[in-house]
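K.L.:
all I have is the shape, not the residue letters:
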């Protein structure tokens, strides 16, 4: 049995098709949407009938001299014309008296606006919509351009630019020309007859007016051979009734009457009477029989289509069930795939990305659709991958300060695809490096303490016995060489003792302890750790610092920072170069500048020196983590670091620390 929902959808589809075809039928036959057709097909309501009874007479104002639409019969003085006949028929349909009020056209428009009369026939326009509400269309007519035969300068409507054109005052043609043909000098007249007379007298270059009216007066004046009507016409527009914008109820009543007359083909019947074999004044439309024929064909097609759909639905139901099962299984796998934190991609043998997980998309900051289907060489890190591997392959690479490991695995069930898993192990490496550094510092501290204690005792003995020897020497007749030797022994003991004190101080450093540090002494102790390398390269190291400058901070962190910068400076400086450390304070900050005369850093590299794994040293000479760790250590103690460098001149690292109170 068919799914009820499918049947409902199909029935709804058929209903929509019927409604669409019915709407096309009413639109083609009556110029109305299906909704408007039903709205205006209803009888006059009780409320509308009361309105008409209260109104008693509906006054229609129009041009008094616009044959064959409206004109005065010279024999009996009565007004006649197509519009008069239409009003008479409309009066019968609506069962209300309608009275024709002849006026000059512009006055006819004004009378409706002022409320003197109720309605007129006109062309709808945006400008007129400020004052009028428009009914459904009554008929269609064309506006034409007429010139003298000898005027060869006006061939099309565009040639009216720069010319004098006579147009009946209030005619829509004037509004149309002002919008579409610039430079036309419009001469307003009382009616079309006056416009034609101006043309005959040579006072204007052309006349624009309603085709039936212009043709009528041309024949009446007998000037058919003297004038020429241009083709194509200026425009073709619908004519409708215009009522005062505030009179919406009258508009609805008129539309009901107009629909009734359209159903009776009234306009076609009176066209022959007033226009003879002239162009039809209703838009050409398919006949009702033709429309019904096409509607029947379309309905049959729709029914056939529905039957085919229902039949195919039964055949596809089993396939759909199996497909859903496969989709569920695939979705479960995709959910697991997406839940993994590593960046994963499935790649074809040509390098086309066929699938990725959510972590991969978030890492690239791209949508899945932006990634799948593209070649892996278009994306960072992936472009380092090797394809069509026979066994598992591991590749390490770096990108924008991050370290990645690529695990490439050939898919066993499909020889043509590889699974690439990208692991970001940057944080793990940094943590390992920091732990290694911390353990190294602990080991060095322990070693320093042991060495210091072992050296201190022999140094004490040497100092004591050198003092005894010095006392045993005769005051007179001293041997200068012996005296000098004892002095050298004493000075060497003092220097070695100071180094022992430095080692002991280093071994006592506490990672969390804040203490007042004598910056001058601490810098000298740090330099002492690198004295061998400094001596080997004959580097001149100077400290420009107040000997009594105290700074509340963590000694281990400060030592680590300065020692790293000093080590980098020694690496950068050539033999015979110099390193200068400047220290000073203001009311809020301590400043330390470490300046060297090394090779300098390029503008390209200087932007990346604080990124992890960035190094300009040769392989095996550096990890690229030193300055990254320095940067983070400075942040921990509320400091800041910046760098200035010129290639071939040197580099200056500028440290800035917030002064703390005890």
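P.N.:
Now that the structure is in, tell me what you want to look at. Predicted model only: the values in this text are computed from it and were never measured.

K.L.:
so where is the stretch 351-500 of the chain shaky, pLDDT-wise?
P.N.:
Low-confidence segments of the stretch 351-500 of the chain (pLDDT under 70): 401, 413-415, 433-434, 437-453, 456, 465, 467, 471, 473-478, 495-500.

K.L.:
in its sheet, what does the helix or strand hosting residue 641 sit against?
P.N.:
Here residue 641 sits within strand 639-646, counting by DSSP states H and E. Strand 639-646 pairs in its sheet with strand 650-658 (antiparallel), by DSSP bridges.

K.L.:
give me the buried positions along the partner strand.
P.N.:
650-653, 655-657 (16 or more other CB atoms under 10 Å). Where C-beta positions appear, they are placed from N, C-alpha and C, glycine not excepted.

K.L.:
ok, residue 71 to residue 220 distance?
P.N.:
Residue 71 sits 10 Å away from residue 220, taking CB to CB, to the nearest Å as the criterion.

K.L.:
more neighbours: which of the two?
P.N.:
The neighbour comparison of residue 71 against residue 220 (other CB atoms under 10 Å) goes to residue 71, with 19 against 11.

K.L.:
per-residue confidence for the nearest residue to the more buried one once chain neighbours are set aside?
P.N.:
Excluding its sequence neighbours, the residue lying closest to residue 71 (CB to CB, 6 or more residues apart in numbering) is residue 81, at 5.5 Å. At residue 81, the predicted lDDT confidence score is 86.

K.L.:
confirm that residue 584 sits in a helix.
P.N.:
No: under DSSP: H, G, I helix; E, B strand; the rest coil, residue 584 sits outside any helix and is assigned strand.

K.L.:
where does the prediction get shaky in the stretch 1-150 of the chain?
P.N.:
In the stretch 1-150 of the chain, residues with pLDDT under 70: 1-11, 13-15, 17-32, 34-35, 37-38.

K.L.:
tell me where it has strands.
P.N.:
57-63, 71-72, 79-80, 97-103, 119-122, 132-148 (DSSP state E, counting those that start in this stretch).

K.L.:
so for residue 640, which of those strands sits nearest?
P.N.:
Nearest to residue 640 among the strands of the stretch 1-150 of the chain is strand 132-148; the distance by CB to CB comes to 74.0 Å.

K.L.:
okay, now the domains of the chain?
P.N.:
Residue ranges for each domain of the chain read 32-275, 340-424, 509-658, as given by automatic domain parsing.

K.L.:
tally of neighbours for the nearest residue to residue 372 once chain neighbours are set aside?
P.N.:
Distances taken as CB to CB, 6+ apart put residue 353 closest to residue 372, at 5.6 Å, once the chain neighbours are dropped. Neighbour count of residue 353, defined by other CB under 10 Å: 21.

K.L.:
residues in contact with the helix or strand that contains residue 353: which ones?
P.N.:
Using DSSP H and E, the element containing residue 353 is strand 353-356. Contacts with strand 353-356, where a contact means CB atoms under 8 Å, 6 or more residues apart in numbering, come from 337, 343-348, 368, 371-376, 379, 382, 417.

K.L.:
repeat that for stretch 107-116.
P.N.:
Residues outside stretch 107-116 that contact it (CB under 8 Å, 6+ apart): 59, 61-63, 101, 103, 117-120, 122, 131-132, 170, 242-244.

K.L.:
so the residue nearest to residue 372 bridges to which residues?
P.N.:
Applying DSSP bridges to residue 353, the residues it is bridged with are residue 347.

K.L.:
can you say which of the contacts of stretch 107-116 are buried?
P.N.:
Using 16+ other CB under 10 Å as the burial test, these include 59, 61-63, 101, 103, 117-120, 122, 132, 170, 242-244 as buried.

K.L.:
and of those, the nearest to residue 427?
P.N.:
Here the nearest of the buried ones among the contacts of stretch 107-116 to residue 427, counting by CB to CB, is residue 132; it sits at 75.8 Å.

K.L.:
wait, isn't the closest one in contact with residue 241?
P.N.:
No: under the criterion of CB atoms under 8 Å, residue 132 makes no contact with residue 241, lying 9.1 Å away.

K.L.:
so what sits against both of the two?
P.N.:
Shared contacts of residue 132 and residue 241, defined by CB under 8 Å, 6+ apart, are found at residue 122.

K.L.:
bridging residues for the residue lying closest to residue 638 once chain neighbours are set aside?
P.N.:
Take residue 638 and drop its neighbours on the chain: the residue closest to it by CB to CB, 6+ apart is residue 658, 4.7 Å away. In this entry, residue 658 is beta-bridged to residue 589, by DSSP bridges.

K.L.:
contacts only, for residue 658.
P.N.:
Applying CB under 8 Å, 6+ apart, we find residue 658 in contact with 588-589, 638-639.

K.L.:
please repeat the previous calculation with a cut-off of 7 Å.
P.N.:
Residues in contact with residue 658, defined by CB atoms under 7 Å, 6 or more residues apart in numbering, are 588-589, 638.

K.L.:
now do it, the pLDDT please.
P.N.:
Note on residue 658: pLDDT of 89.

K.L.:
ok, now residue 662?
P.N.:
Here the pLDDT value assigned to residue 662 is 55.

K.L.:
picking that back up, over to the residue nearest to residue 71: give its phi and psi.
P.N.:
Main-chain torsions, residue 81, degrees, to the nearest 10: phi 130, psi 170.
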